[in-house]
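A.B. asks: Please find the sequence and the predicted model below.
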Amino acid sequence: MGYREVVSGGVARWGIVAVGARMPVAAAPLALVFLVRERPGGYVLGAALAAAYVVGEIIGAPLLGMRIRAERARPQLAVGLGVGALAFVGLGALPNAHPVVLGSLAFLAGAGPAAAPGGLRALLTGLVPEKAVAQALAVESMLTFAIWAVAPAAVTGLALGVSAVLPLLLAGLLMGASVAGLWMLPAGWESDADDRGGESMARILVRAWPVFVTGAASLSMLALAELVLPALLEQRGIAVGWAGPLLAGLAVGSAAGSFVYGLRRWPGRLRTQSMVLMSGLCGCLGLVAVVPGVGWMFGVLAVAGVLQAGAMLTRNLSLRELLPPSALAAGYSVMYAAVGAGYAASGSLAGGLLSVVPPSTAILAGVALGVVLTVIGVLGEAKPLEGGRSGGGGSGGGDVAEGAAVGGGGDSERGL
């Protein structure tokens, strides 16, 4: 089918709003480091502020996401993005404030808009026909990778070339503009008020835990590549400056993987696709620890990016099949928190190991963690789930039921 069904004015307007809402998120950790780096102990404080921001995201995403209502999502998203915009402006306006004040603002900047990614994703899938949901999610993925590729370079240039407060002030303005942009989009998406069968949102989301675990595993691999790569290059006697181009190759591979995944229907159920992609991703990261030379590392990381993008898309499509429409935004928000937790867990493990083992061993330990999470998630998905939702957002086609899905009445995993 390709991407023809996704090309529309509504999707273009959604893209504009998404850039305003997500560019600040991608810029925030590095911008917070630059904000305070000139202060005594600035880098330590910057890392603490970045950690407060991430903790805010991890806590805010599920708590706020579960409160989003499909029929009135727009005002709820506007409030969260508005709080985030004010917190970003506050950080830029008060760079010399007490660390507790800055930490509180960083937490609010992370927590306030944390439900926006899930809500915006649900709005996007409501703008396209059901058969084009996989393509819409692929477009979202490509846009996200582009934002994350641009944001760090933009933050560095503005902070070093103009002012350290400018990235945060601009982040606040962008997020504020996204609030206004929400009124270019529908107020919500279609859902049946009774599609949860009287069950609580939390109970339904708990049943989808295997998808969240596998999602966390996929981003834990990305943490390994980003955080341990400089140390690995030093271990090999390769200039650390190669870390930038190598990670750019990973990002390009991820964007390409998103595009290719949306081009056609792929064989196998979503669970099977995810298992294959995650196995390949773990293998690629394991190879990074042992292959010689920059050329080999570049190629392996590019392939890892392709596989990682596909793995995340299968997880989002699985959520769409497992959850009733009224729980989609909450499910996407919990996924957002889960992948953030996976990133933090893998990064913390690798960072702690770097003080006692070589970088190559730290990477292999992180890969082992990813494998364990993947196995747990796949085994969990193999068990029949009670309840269910009919239909799904997959890009393809088998009809074999694999247990009932959460919250409605259909297959838990129609094959792609």
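C.D. replies: Perfect, thanks for sending it.

A.B. asks: shaky segments in this structure?
C.D. replies: 1, 191-198, 384-416 (pLDDT under 70).

A.B. asks: Now name the helix or strand holding the residue most central in space within the chain.
C.D. replies: Central residue of the chain (C-alpha atoms, centre = their mean): Tyr336, 5.4 Å from the mean position. Assigned by DSSP states H and E, Tyr336 falls within helix 328-354.

A.B. asks: how about that helix: buried residues?
C.D. replies: Neighbour-count burial for helix 328-354 flags 328-347, 349-350, 353-354 (criterion: 16 or more other C-beta atoms under 10 Å). (Each C-beta comes from the backbone N, C-alpha and C, glycine too.)

A.B. asks: Toward the C-terminus, what is the element adjacent to it?
C.D. replies: Next along from helix 328-354, by DSSP H and E: helix 359-382.

A.B. asks: Compute the inter-axis angle for that next one and helix 328-354.
C.D. replies: Angle of helix 359-382 versus helix 328-354, following axes from the mean of the first three to the mean of the last three C-alpha atoms, to 10 degrees, is 150 degrees.

A.B. asks: how long is stretch 256-271 end to end?
C.D. replies: One end of stretch 256-271 sits 22 Å from the other (C-alpha to C-alpha, to the nearest Å).

A.B. asks: Name the residues of that stretch that are buried.
C.D. replies: Under 16+ other C-beta under 10 Å, the buried positions of stretch 256-271 are Ala256, Gly257, Ser258, Phe259, Tyr261, Gly262, Trp266, Gly268, Arg269, Leu270, Arg271.

A.B. asks: Which one of the residues you listed is nearest to Pro129?
C.D. replies: Gly262 (13.9 Å; C-beta to C-beta).

A.B. asks: Tell me who's in contact with the closest one.
C.D. replies: Gly262 makes contact with Tyr3, Ala134, Gln135, Leu137, Ala138, Val139, Leu313, Ser395 under the criterion C-beta atoms under 8 Å, 6 or more residues apart in numbering.

A.B. asks: burial measure for the fifth one, as a count.
C.D. replies: Ala138 sits with 26 neighbouring residues when counted by other C-beta atoms under 10 Å.

A.B. asks: same question, the fourth one
C.D. replies: Using other C-beta under 10 Å, Leu137 is surrounded by 26 other residues.

A.B. asks: Go ahead and confirm it touches Leu120.
C.D. replies: No. At 11.7 Å, Leu137 does not count as touching Leu120 under the criterion of C-beta atoms under 8 Å.

A.B. asks: Going along the chain, name the strands of this protein.
C.D. replies: Remark: no strands are assigned in the chain by DSSP state E.

A.B. asks: ok, for Arg67, nearest residue in space, not its chain neighbours?
C.D. replies: Gln76 (7.0 Å; C-beta to C-beta, 6 or more residues apart in numbering).

A.B. asks: For the one you found, list the residues it contacts.
C.D. replies: Leu64, Arg67, Ile68, Arg69, Ala115, Gly119.

A.B. asks: Just give me the neighbour total for the second one.
C.D. replies: What that stands for is Arg67. Applying other C-beta under 10 Å, we find 14 other residues in the vicinity of Arg67.

A.B. asks: what's the distance between it and Val79?
C.D. replies: Arg67 is 10 Å from Val79, where distance means C-beta to C-beta, to the nearest Å.

A.B. asks: Can you tell me which of the contacts of Gly262 has the most neighbours?
C.D. replies: Taking other C-beta under 10 Å as the neighbour criterion, Ala134 ranks highest of the contacts of Gly262 with 29 neighbours.

A.B. asks: just checking, that one touches Leu317?
C.D. replies: Yes. The criterion here is C-beta under 8 Å, and Ala134 meets it with Leu317 at 6.1 Å.
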